[in-house]
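In: quick one: sequence and predicted model below, then my questions.
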Amino acid sequence: MLSKRIIPCLDVRNGKLTKGIKFKGNIDIGCPVETARRYYEEGADEIVFYDITASSEGRMAFLEVVEKVAEEIFIPFTVGGGINTLDDMWAVLLAGAEKVSVNSGAVKNPDIISQGAKQFGSQCIVLGMDVKQVEVSAKIPSGYEIVVHGGRKFTGLDALEWAKHCEDLGAGEICVNSIDADGTKDGYELKLTRKIAEKVNIPIIASGGAGTALHMHEALTEGKATAALIASIVHYGEYTIPQLKNEISALGSKMRMVW
């Protein structure tokens, strides 16, 4: 059995760590560099960094912040925000990232996925999916729609079909973020996560809604995810990474333990 992963997520706005609920009401809560270092020292398996306004503002992620984070951690590091071209990918990787996350850029130009996979390998390309539950329709048969630009623009893309299409293009991993659950700490959107996991044959990261270790265990079992993204519960000091790993392990999920 493969070990499951815990991945703290750093949402960054104007160079500062920020957090909101359902993509709204963001407040600045700290320094992303110091926070990343702390999570690395606590035993996080990976770190994800999202520049949450880069796409809507038509710019790249703040590379100087990416570089500073990369200097402090020595675990896999994924960066997303405003990545639209191979040159953007190169810039992020040269700044110290190990993976790039494409979301809005992939919706505008799906070929960026195949181009990136060919240039850097599929293991480097993470599809970020911001998903909102909507009414079932002929256009959105799953009832889950892809939303871009920080949750502000609906795309008309069905989340399940989009996930499969991007896997076919060469994405090596998918991060499924439920906008409806984001920041609520009421638990992950297990139905959505499970449906995506059953649709594709690449690793799935569950994102949005973690409030307890049990929620994470559920995402890794019922939701069929291989990793759980977390933010609020560690940002606000409710849990440490070792506490989460110990509790999730006790519930029956195999974790990479902190010694």
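Out: Perfect, thanks for sending it. Since we're looking at a predicted model, the values are computed, not measured. Numbers count the residues shown, from 1 in each chain.

In: where does the prediction get shaky in this structure?
Out: Within the chain, the segments meeting pLDDT under 70 span 1, 20, 22-29, 52, 54-57, 59-61, 150, 258-259.

In: could you export stretch 185-195 as PDB, CA atoms only?
Out: Extracted in PDB, the C-alpha atoms of stretch 185-195 (Å, rounded to 0.1, in the frame of the first residue of the first chain):
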ATOM      1  CA  LYS A 185     -13.600  23.000   8.000                       C
ATOM      2  CA  ASP A 186     -16.700  20.900   7.600                       C
ATOM      3  CA  GLY A 187     -15.000  18.100   5.600                       C
ATOM      4  CA  TYR A 188     -14.000  17.500   2.000                       C
ATOM      5  CA  GLU A 189     -16.500  17.100  -0.900                       C
ATOM      6  CA  LEU A 190     -16.100  13.300  -0.900                       C
ATOM      7  CA  LYS A 191     -18.600  12.700  -3.700                       C
ATOM      8  CA  LEU A 192     -16.800  15.000  -6.100                       C
ATOM      9  CA  THR A 193     -13.300  13.700  -5.100                       C
ATOM     10  CA  ARG A 194     -14.400  10.100  -5.500                       C
ATOM     11  CA  LYS A 195     -16.000  10.700  -8.900                       C
END
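
In: in it, what counts as buried?
Out: Of all the residues in stretch 185-195, those buried under the rule 16 or more other C-beta atoms under 10 Å are K185, G187, Y188, E189, L190, L192, T193, R194, K195. Every residue, glycine included, has its C-beta placed from N, CA and C.

In: among these, which are located in helices?
Out: L190, L192, T193, R194, K195 (DSSP state H).

In: from T221, how far out is the first one?
Out: So that's L190. From L190 across to T221, the span is 9 Å (C-beta to C-beta, to the nearest Å).

In: do D168 as well
Out: 27 Å.

In: tell me which of those two has more neighbours.
Out: T221 (16 against 12; other C-beta atoms under 10 Å).

In: quick check, the more buried one in contact with A228.
Out: No. If you go by C-beta atoms under 8 Å, T221 and A228 don't touch, sitting 10.7 Å apart.

In: bridging residues for Q133?
Out: In this entry, Q133 is beta-bridged to Y144, by DSSP bridges.

In: who's in contact with it?
Out: Residues in contact with Q133 (C-beta atoms under 8 Å, 6 or more residues apart in numbering) are G143, Y144, E145, S178, D180, E189, L192.

In: is the second one in contact with L157, as I believe?
Out: What it means is Y144. No. If you go by C-beta under 8 Å, Y144 and L157 don't touch, sitting 9.7 Å apart.
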